[in-house]
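Colleague: Give the three-dimensional model of this entry:
(2 chains)
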Number of protein chains: 2
Amino acid sequence: MGLSKKPYRGTRDFFPADKRLRDYLFESMSKTAESFGLEPYDGPLVEEVELYKAKSGEELINDQIYSFHDRGERFVAIRPEMTPTLARMIAQVYRELPKPIRWYSIPNLMRYEKPQKGRLREHWQFNCDIFGAPELLGELEVLGVLVALFENLGANSSHFEILINDKKIVEGLLQNKLELSAEKTNAIYKIIDRSKKVTPEALDKMLAEQDLNSEQDKILREYLKINEFEELAKKFVTWGLQDLTNHMLGFVELCREYGLSEYLTYDPTIVRGLDYYTGIVFEAFDKNPENRRALCGGGSYGGLMQIFGEQPLPGVGFGLGDVTLTDFLKTHQLLPDFSTAHNDIFLTYQTPAGQSPCLQLARELRKRGLKVITGLSPLKIKKVFDLGSKHGASYVSLLGEREIETGSVEIKNLTTKEQHKLKLDDYKNIQSLIRNKL
Amino acid sequence: MGLSKKPYRGTRDFFPADKRLRDYLFESMSKTAESFGLEPYDGPLVEEVELYKAKSGEELINDQIYSFHDRGERFVAIRPEMTPTLARMIAQVYRELPKPIRWYSIPNLMRYEKPQKGRLREHWQFNCDIFGAPELLGELEVLGVLVALFENLGANSSHFEILINDKKIVEGLLQNKLELSAEKTNAIYKIIDRSKKVTPEALDKMLAEQDLNSEQDKILREYLKINEFEELAKKFVTWGLQDLTNHMLGFVELCREYGLSEYLTYDPTIVRGLDYYTGIVFEAFDKNPENRRALCGGGSYGGLMQIFGEQPLPGVGFGLGDVTLTDFLKTHQLLPDFSTAHNDIFLTYQTPAGQSPCLQLARELRKRGLKVITGLSPLKIKKVFDLGSKHGASYVSLLGEREIETGSVEIKNLTTKEQHKLKLDDYKNIQSLIRNKL
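Modeller: From the prediction side, this is the model:
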């Protein structure tokens, strides 16, 4: 059996059309983040496993990470997520930096997953985090970045929504109103998290296993049915728990002032895991029922610096993967066509004597910032236009015996078919013509 | 002992200033490659070890790669170089693509090295390759990309040079003139490769071990002293071997027509390993004697497709690492200052009532493509300018009680100190002012 030409399971080859699409996404991410004053960072591909254990605990990390011993017997892993690296870096510098600290990154990450739609072993993730911002204003900025990214990619509130909740609401309901133990609270968190992903029967079964009394069961089921901010407010007033909702409803008001209301939907089932997040939590969702999956998740957290024995530093952030984002943009036909490259001009010559002047012209036009692709042997005129289109060229040049005799070059616009004869060494005018300034 | 805040040995944390530098290098690489019509690609972070063995042979890969068994017992490695991935991808598509195929990539790679100046365990490498180009014209294009990259980064022939040779010259000299066996040819290759890196005594010792006769020894030593193209031509004429040098001297003439002569130097000791390269080979060197190291290496190769049982496809390419490139640019003080971010405007407010209009203004200016960083609490005027500079802002805004009463905003240019009062909702003029168009 010969050597396989396929990429390793769950990873992708990025041929030029794929890579141009990826570049487009990453540029949109960078530009959006930088329009909010976020600064770029990156860390190593590999970290010691201890770091991941410190953030996620022993059991959580074992199944899915690519871990191994290096030749010096250090136990390391290919990064499965960026947050531990971010925490390690912030711990080095947070004392010196003016707050808030606003950072973003687009790392490649690996997890040992069963490959399926929207889930691969290697993916890229747009990470935005803000540390040390006044309450709720960091949350507003990261949501602002998230919405602006989607808007910059051509999406609007008909395409996606942001489901939002506050961990403190759920915690207060379970512990103060239902008076559940910490252990039972954790079990119920997991049921809340899964409640919309399972059948009503399965939900009944999970709840039955928790031995709630009829009042607890009733309140929990009422809570799970809430799907609007007004309803949330009213319901918690009737329960005498209005204090619990003030924080998030204040945030929703702030989002309204900034102009994000149309994207926000209350969802009581967004809890995002047990320990890590401590306040506002959110997930962005595709509104298309065919592609109903989380595009991104995030929220506020408090304890990240403690793993290094540092003082608490409030943080808020989100991660958004390239695979689900691409599926989303394809579903809604929001992606430009990346199948061909773009070049400013395809330089050709029709006689061997054209090679040298063609090379010189190429060098001069490249120095002037143009994208120049050259034919590397004499090319028949009838082939020039077709090949120029294949190269995504806006213009082609022709250089035959007649042009060489007169020291000129023919330059043709492939769209308008307009043709100009220019002096072969009049680089400035050739540049202007191609830049559409002539 | 607490959790370490340091990155894994031989890898780097990229804080914002470092990441901006890296972004600058990568953008220069992409723009330069695309100015030659090269198209971007990328592959997986991890490949099966079989692929690396097929290219480099069993012994060569074992010491330095990060290899491990995945949970499905596949033997894989973090990519130590890009060429095997490139070969695998090209093998999938080369039949369908018009030739030449021009591709570039900037992957992160890992090798298990002892960290030292210019050599880390994780680095990024700019890879350019051209397949199926007419003889010597692919070589010219990749050298063209290399030189253009250095020029675009501000370097010229006082800073770097390209040492060049032709594997066929060395092979012909050793096998036809000196009549050495294949085995001895390989041993001499290694000595030629090392000859400038060791003392004259060490070179004598290595040569003595080869039992050359006095004529062979004399010719080899004369060969190693050649350092100009003219001398090469003359010497090989006197040896009756002028056919061997025609190929490379023709290439040097082509480089002259394209305008690269000033960068090229003949170096008889450039051979770049035993098997892989088959024709023209080159290395770029820093001319500063303090930083005398190869910045990049490349050449022509023929056999890459054969590892997949495919027909031969001539290729030529180079790889250039980010660590040595950064050292080079620092040595010659060619790097811009990346210590602070750049933002168009730092939006501040001096009274709590300014928060909401400030947020709205931020949203509108960001929609118009500006980089806007906001203060997240009321800020005293005397602190605004200093903090604005720290954020790398070109402008700052002031929004106090008086401005709010009159629905206006003060906007100040931090360089010229000019100040303008504009209507708070006159986004168009605020944008024009900041874009220096008012």
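Colleague: residues touching A:Phe150, list them.
Modeller: A:Phe150 sits next to A:Asn156, A:His159, A:Phe160, A:Ala284 when contact means C-beta atoms under 8 Å, 6 or more residues apart in numbering or on different chains. Glycine gets a C-beta too; all of them are placed from N, C-alpha and C.
Colleague: Recalculate using a threshold of 6 Å.
Modeller: A:Phe160 (C-beta atoms under 6 Å, 6 or more residues apart in numbering or on different chains).
Colleague: Excluding covalently adjacent residues, which one is nearest to A:Met244?
Modeller: Not Met; residue A:244 is Leu. Nearest residue to A:Leu244, sequence neighbours excluded (C-beta to C-beta, 6 or more residues apart in numbering or on different chains): A:Gly172, at 4.1 Å.
Colleague: can you count the residues close to the one you found?
Modeller: A total of 17 residues lie near A:Gly172 under the criterion other C-beta atoms under 10 Å in any protein chain shown.
Colleague: That one in helix, strand or coil?
Modeller: helix (DSSP: H, G, I helix; E, B strand; the rest coil).
Colleague: ok, now the one 4 residues further on?
Modeller: Three states are possible here, and by three-state DSSP the one that applies to A:Asn176 is helix.
Colleague: The stretch 301-438 of chain A against chain B: which residues are in contact?
Modeller: By the rule C-beta under 6 Å from any C-beta of the partner chain, the part of the stretch 301-438 of chain A lying against chain B is A:307-309, A:341, A:343, A:356, A:359, A:363, A:366, A:371, A:373, A:376-377.
Colleague: Tell me the one among the residues you listed nearest to chain B.
Modeller: Each of those was scored against chain B by C-beta to the nearest C-beta, and A:Ile373 proved nearest at 2.9 Å.
Colleague: what sits opposite the closest one in the beta ladder?
Modeller: Counting by DSSP bridges, A:Ile373 is bridged to A:Phe346.
Colleague: Chain neighbours aside, what residue packs nearest to A:Asp322?
Modeller: Going by C-beta to C-beta, 6+ apart, A:Asp322 has A:Trp124 as its nearest residue, at 4.2 Å.
Colleague: Could you verify that that neighbour is part of a strand?
Modeller: Yes: under three-state DSSP, A:Trp124 sits within a strand.
Colleague: Pull out the buried residues from the helix or strand containing A:Tyr223.
Modeller: Taking DSSP states H and E as the criterion, A:Tyr223 maps to helix A:214-225. Within helix A:214-225, the residues scored as buried using 16 or more other C-beta atoms under 10 Å in any protein chain shown are A:Gln216, A:Asp217, A:Ile219, A:Leu220, A:Tyr223, A:Leu224.
Colleague: per-residue pLDDT, the fifth one?
Modeller: Looking at A:Tyr223, its pLDDT is 97.
Colleague: Now do it against chain B, distance only.
Modeller: Distance, A:Tyr223 to chain B, by C-beta to the nearest C-beta, to the nearest Å: 31 Å.
Colleague: what helix or strand is A:Asp344 on?
Modeller: Using DSSP H and E, A:Asp344 sits within strand A:343-347.
Colleague: who's in contact with the helix or strand hosting A:Val384?
Modeller: Using DSSP H and E, A:Val384 maps to helix A:381-390. Here helix A:381-390 makes contact (C-beta under 6 Å, 6+ apart) with A:Phe346, A:Thr348, A:Val396, A:Leu414.
Colleague: contacting residues for the third one?
Modeller: Right, the one you point to is A:Val396. A:Phe346, A:Val384, A:Gly388, A:Lys412.
Colleague: just those residues now: which is nearest A:Thr406?
Modeller: For the contacts of A:Val396, the minimum distance to A:Thr406 (C-beta to C-beta) is 17.1 Å, reached by A:Lys412.
Colleague: Not counting its neighbours along the chain, what's nearest the closest one?
Modeller: With C-beta to C-beta, 6+ apart as the criterion, A:Lys412 has its nearest non-adjacent residue at 4.5 Å, and that residue is A:Gln419.
Colleague: Tell me how many other residues surround the one you found.
Modeller: Neighbour number of A:Gln419 under other C-beta under 10 Å is 12.
Colleague: ends of stretch A:314-329, how far apart?
Modeller: Start-to-end span of stretch A:314-329 (C-alpha to C-alpha, to the nearest Å) is 33 Å.
Colleague: That stretch - what's its average pLDDT?
Modeller: What stretch A:314-329 shows for mean pLDDT is 96.
Colleague: Return the distance of it from the chain's centre.
Modeller: 4 Å (C-alpha atoms, centre = their mean, to the nearest Å).
Colleague: Counting neighbours, which bits of it end up buried?
Modeller: A:314-329.
Colleague: go on, stretch A:401-420?
Modeller: By neighbour count on 16+ other C-beta under 10 Å, the buried set for stretch A:401-420 is A:Glu403, A:Ile404, A:Ser408, A:Val409, A:Glu410, A:Ile411, A:Lys412, A:Asn413, A:Leu414.
Colleague: swap in stretch A:427-438?
Modeller: Buried, per 16+ other C-beta under 10 Å, within stretch A:427-438: A:Tyr427, A:Ile430, A:Gln431, A:Leu433, A:Ile434.
Colleague: now, which of these sits nearest B:Cys255?
Modeller: Of all the buried residues of stretch A:427-438, A:Tyr427 has the smallest distance to B:Cys255: 20.1 Å, by C-beta to C-beta.
Colleague: Please indicate which of the residues of the stretch 301-438 of chain A next to chain B are buried?
Modeller: Burial by neighbour count, 16+ other C-beta under 10 Å: within those this picks out A:Ile307, A:Phe308, A:Ala341, A:Asn343, A:Ser356, A:Leu359, A:Arg363, A:Arg366, A:Lys371, A:Ile373, A:Leu376.
Colleague: Disregarding residues adjacent in the polypeptide, which is nearest to the fifth one?
Modeller: Once flanking residues are discounted, A:Ser356 sits nearest to B:Glu257: 4.6 Å by C-beta to C-beta, 6+ apart.
Colleague: Give me the neighbour count for that neighbour.
Modeller: Using other C-beta under 10 Å, B:Glu257 is surrounded by 16 other residues.
Colleague: gap between it and A:Asp425?
Modeller: Distance of B:Glu257 to A:Asp425, given as C-beta to C-beta, to the nearest Å: 14 Å.
Colleague: Am I right that A:Gly298 sits in a helix?
Modeller: No: A:Gly298: not assigned to a helix; according to three-state DSSP it is strand.
Colleague: okay, now A:Glu122: neighbour count?
Modeller: 23.
Colleague: Hmm, I typed the wrong one, I wanted A:Arg121.
Modeller: By the measure other C-beta under 10 Å, the count of residues near A:Arg121 is 23.
Colleague: Ok, the one 10 residues further on next?
Modeller: Here the number of neighbours of A:Phe131 (other C-beta under 10 Å) works out to 23.
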